[in-house]
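**Student:** sequence and predicted structure are below.
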Amino acid sequence: MADHTNIILLVVFCIFISAAAIQLFYYLFFYLSVYLKKPSETKNTRQPVSVIICARNEAENLQNFLPSILEQDYPDYEVIVVNDCSEDNSYDILGKFLIQYPHLRISTVNKDPKFTHDKKFAQFIGIKAAKNEILLFTDADCKPESDKWLEGMTSHFDEGTNFVLGYGGYFRGKGLLNKYILYDSLIIAMQYLGMAIRGIPYMGVGRNLAYRRSVFFSNKGFGSHNHIRSGDDDLLVNTIATGDNTRVEFRPETHTRSVPCSDMNGWIAQKKRHLTTAPYYKFRDKFLLITEPLTRILFYILFIILLSFTFLWPWVLTVFMLRLITQIIVLSFVREKLNEPGMLGYLLFFDIFSPLINSIIFLSNSRSKSDKNKWK
């Protein structure tokens, strides 16, 4: 009986080692590349650019953040704000900015009870209105980190570049939820930036994303996924972007910062909306994205089992510490690169529970009715 138990535990130990190896692969191959990636040589051509912002009831955010976009150090650009069915005083605020900033343009979508729509429609209106080939997207609640944001994000566009993926972080605040949001956005950034650096771009974030207008229309825009309430950013990249036509940009002056959710219900609703797009990713990307959290959960479960039986416990602890030290080092390097201090004190706690949180939200999505017309 003891021999039988030892054989089972040996198999468990081998699976534990395999899970750890896969985890180390993700950290050292994908995530560390964000730190190791040197800024690309860019041609300072300063092509004309259209910045597109979709806003619904964002009066306060427009008042606070729109000037930082309108006052970029760039010679030739327009800012298009799609005022989508707003019921606050967004129109008045935008009207005041129109007088002050001649390169601001406003497209207004009026509310129609017979026609409901999601953010993609507002995005499409902005793209149609754009005069320029290079489009740069952000949100009304976003603020660029500097007046060099526009120049940095668009400096990568040469003949072979269709997409530029930027980094969009969140403003730091108080409370555990804010710390988790910062951690979650950092991990997601390590994934999509790291995979893009390795030639596997699978998504971008609408808070900081640039692409060509001609590419959007030649690929029928949002047509293939227009029925999905989200995906105006990630599904477009997942469908069209390749390792050859995509660049990444994450110099500190090109980051954006967004207002994070202040309550758990709001964050869960936002997360649920984002996760609705995951089933529509390419199979390769779904496989890569699900393998990491699955092996992470497996790693922790098997670690507890092996320790409870004290089976090869010095080796089990060594493997556990090897992964943890690697994780801390990589995360520290990437935090430095993306200007995201803090979080290390919560690393182990968030690392254990984030796959469970995402799984619960994803499963609740599949059981609930999709709110097709939810805008944001």
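**Tutor:** Looks like it came in fine. Keep in mind the model is a prediction, meaning the values are calculated, not measured.
**Student:** care to break the chain down by domain?
**Tutor:** Per automatic domain parsing, the structural domains of the chain span 2-35+284-342, 39-280.
**Student:** tell me the most buried of those?
**Tutor:** Each of these was scored by mean neighbour count; the highest is domain 39-280, a mean of 18, by mean count of other CB atoms under 10 Å. For glycine as for every other residue, the C-beta is placed from the backbone atoms N, C-alpha and C.
**Student:** now do it, average pLDDT.
**Tutor:** Mean per-residue pLDDT for domain 39-280: 91.
**Student:** run the chain-centre distance for that domain.
**Tutor:** 10 Å (CA atoms, centre = their mean, to the nearest Å).
**Student:** what's the first-to-last distance across it?
**Tutor:** 31 Å (CA to CA, to the nearest Å).
**Student:** stretch 17-37 too?
**Tutor:** End residues of stretch 17-37 are separated by 29 Å (CA to CA).
**Student:** now do it: everything it contacts.
**Tutor:** 189-191, 193-195, 197-198, 248, 250, 291-292, 295-296, 298-299, 302, 319-320, 322-323, 326-327, 330-331, 333-334, 336-338 (CB atoms under 8 Å, 6 or more residues apart in numbering).
**Student:** if you set the cut-off to 6 Å instead, what comes out?
**Tutor:** Here stretch 17-37 makes contact (CB atoms under 6 Å, 6 or more residues apart in numbering) with 190, 193-195, 197, 292, 295, 298-299, 319, 323, 326, 330, 333-334, 337.
**Student:** which of the domains of the chain sits closest to residue 349?
**Tutor:** Proximity to residue 349, assessed across the domains of the chain by CB to CB, is greatest for domain 39-280 (9.2 Å).
**Student:** show me the helices in the stretch 251-376 of the chain, by range?
**Tutor:** 264-275, 283-308, 313-337, 347-367 (DSSP state H, counting those that start in this stretch).
**Student:** and the angle for the first one with helix 347-367?
**Tutor:** Following axes from the mean of the first three to the mean of the last three CA atoms, to 10 degrees, one obtains 70 degrees for the angle between helix 264-275 and helix 347-367.
**Student:** pLDDT (mean, whole number) over stretch 325-332?
**Tutor:** 95.
**Student:** also stretch 342-352?
**Tutor:** 84.
**Student:** now do it: distance to the chain's middle.
**Tutor:** With CA atoms, centre = their mean, you get 19 Å for stretch 342-352.
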